[in-house]
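**Q** need a 3D model of the sequence below.
(one chain, ligands or ions: 1)
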Amino acid sequence: MIKLNNLTKIYKKGNHEVVALKDISLNINKGSIHGIIGLSGAGKSSLIRCINRLEEPTSGEVWINEVNLTSLNSKDLRNARKRIGMIFQGFNLLSSKTVFDNIAFPLSLSKTPEAQIQKKVKSLLELVELTDKSNSFPSQLSGGQKQRVGIARALANDPDVLLCDEATSALDPKTTKQILTLLKDINKSLGITIVVVTHEMDVIKEICDFVTILEDGKIIEEGSTINIFSKPGNEITKHFVESSNYIPEEFKKGIMLNLSFMENSAQKPIISKLGKDFNVEINILSGQIEYIQNQPLGKLTIGIDNVSNKLEDIISYLETNNVKAEVITNE
Ligand SMILES: Nc1ncnc2c1ncn2[C@@H]1O[C@H](COP(=O)(O)OP(=O)(O)OP(=O)(O)O)[C@@H](O)[C@H]1O
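**A** This is a model prediction of the structure:
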């Protein structure tokens, strides 16, 4: 669906160059919600803005639906962009236009007949539940309502792709959840592929099927959200995944494992059996059940005493029972 081939973006300011993206290759599946996460300055915004050529890639290719966007002239690019909606952190609404006219704007630009505009905007207002705000101006709306207008406007031309650049970063947690639910509904009901740029792992957890982690303009890890959460391979990824699973340094001693209970393993007495079968003592240091895309993922941090030379066998026992284990201290 979306294919990025060796994408590089270099910003030039006089003699100074900033390499924002380095040789990024990425596939985004049709109909998926794909998250791109990274720390500030990792290149997330540059990446999503290169997808619709709001930023021109310095080199590399962007393919959407078998069309090489990077090869299009400006007229063909304008047409191709109609199939790519975008929403922004700051909403980017026209303050002098009503909600109705903001949503109608892309249709007016493409000279859509008035009757068709009326019909389309009406159905979009219903979709984002803002029918009663049709004649309001952006300044009269809450942040969540403004983003709903942004979403309706982005959908006006029936796009195949919706790009979301930190679309919920300016919103409170409750409103964020409502906007994410709306995006998920749109993905399901309209089959639109959604690309989400965020610095919040909770956003990824809530709606993304797949996730790509960026650092310094490079992809450092990618995979299905459930896999990345159950066994993050990279330090930055761990930083995102484990920020909700904090254990003070002074507690980190002896042998400690992070366990992720996959599939139905959380329902089995694996830990009590581990204690008995291996004759070890187990202390539970932290635990929670997270829901990734509505799938439960049990997380437990344990300390084990009396391990002697049994650690490898313990890990393989856990893994054969669908529990991924990561050693966090082994002293
Ligand atoms: N227009 C620009 N001119 C020069 N440098 C830029 C420009 N836009 C971005 N950069 C630089 O490119 C790098 C990547 O920036 P980008 O905004 O893509 O990162 P980000 O991951 O979206 O960060 P944030 O989460 O802080 O928005 C940064 O070093 C940034 O300073």
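
**Q** so where is the stretch 101-250 of the chain shaky, pLDDT-wise?
**A** 243-249 (pLDDT under 70).

**Q** how near is Gln145 to Lys97?
**A** 15 Å (Cβ to Cβ, to the nearest Å). Where you see a C-beta, it was placed from the backbone N, CA and C, and this is true even at glycine.

**Q** now stretch 268-275: mean pLDDT?
**A** In this model, stretch 268-275 has a mean pLDDT of 87.

**Q** hey, C-alpha coordinates of that stretch in PDB?
**A** Extracted C-alpha coordinates of stretch 268-275, given in PDB (Å, rounded to 0.1, in the frame of the first residue of the first chain):
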ATOM      1  CA  LYS A 268      -1.900 -21.100  33.800                       C
ATOM      2  CA  PRO A 269      -0.200 -21.600  37.100                       C
ATOM      3  CA  ILE A 270       3.200 -21.200  35.500                       C
ATOM      4  CA  ILE A 271       4.900 -19.200  38.200                       C
ATOM      5  CA  SER A 272       3.800 -21.500  41.100                       C
ATOM      6  CA  LYS A 273       5.000 -24.500  39.100                       C
ATOM      7  CA  LEU A 274       8.300 -22.800  38.400                       C
ATOM      8  CA  GLY A 275       8.900 -22.300  42.100                       C
END
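
**Q** which residues sit against it?
**A** Contacting residues not belonging to stretch 268-275 are listed as 261, 280-282, 284, 300, 302, 314, 317-318, 321, 323 [Cβ atoms under 8 Å, 6 or more residues apart in numbering].

**Q** among those residues, which pair sits farthest apart?
**A** Within the contacts of stretch 268-275, Phe261 and Glu281 form the most distant pair, 20.2 Å apart (Cβ to Cβ).

**Q** on that earlier part again, Gln145 and Lys97: who's more crowded?
**A** The neighbour comparison of Gln145 against Lys97 (other Cβ atoms under 10 Å) goes to Gln145, with 19 against 15.

**Q** in the helix or strand containing the more buried one, what counts as buried?
**A** Using DSSP states H and E, Gln145 sits within helix 143-155. Buried residues in helix 143-155, counted by 16 or more other Cβ atoms under 10 Å: 144-155.

**Q** for the ligand, what's its nearest residue on the stretch 51-200 of the chain.
**A** Relative to the ligand, the nearest point of the stretch 51-200 of the chain is His199 (5.3 Å; Cβ to the nearest ligand atom).

**Q** state the distance from that residue to Ile292.
**A** In this view, His199 and Ile292 are 18 Å apart by Cβ to Cβ.

**Q** can you spell out which helices and strands pack onto the helix or strand following the helix holding Gln145?
**A** Counting by DSSP H and E, the next helix or strand C-terminal to helix 143-155 is strand 161-165. Packing partners of strand 161-165 (3 or more Cβ pairs under 8 Å, 6 or more residues apart in numbering; DSSP states H and E): helix 44-51, strand 84-88, helix 143-155, helix 173-190, strand 193-198.
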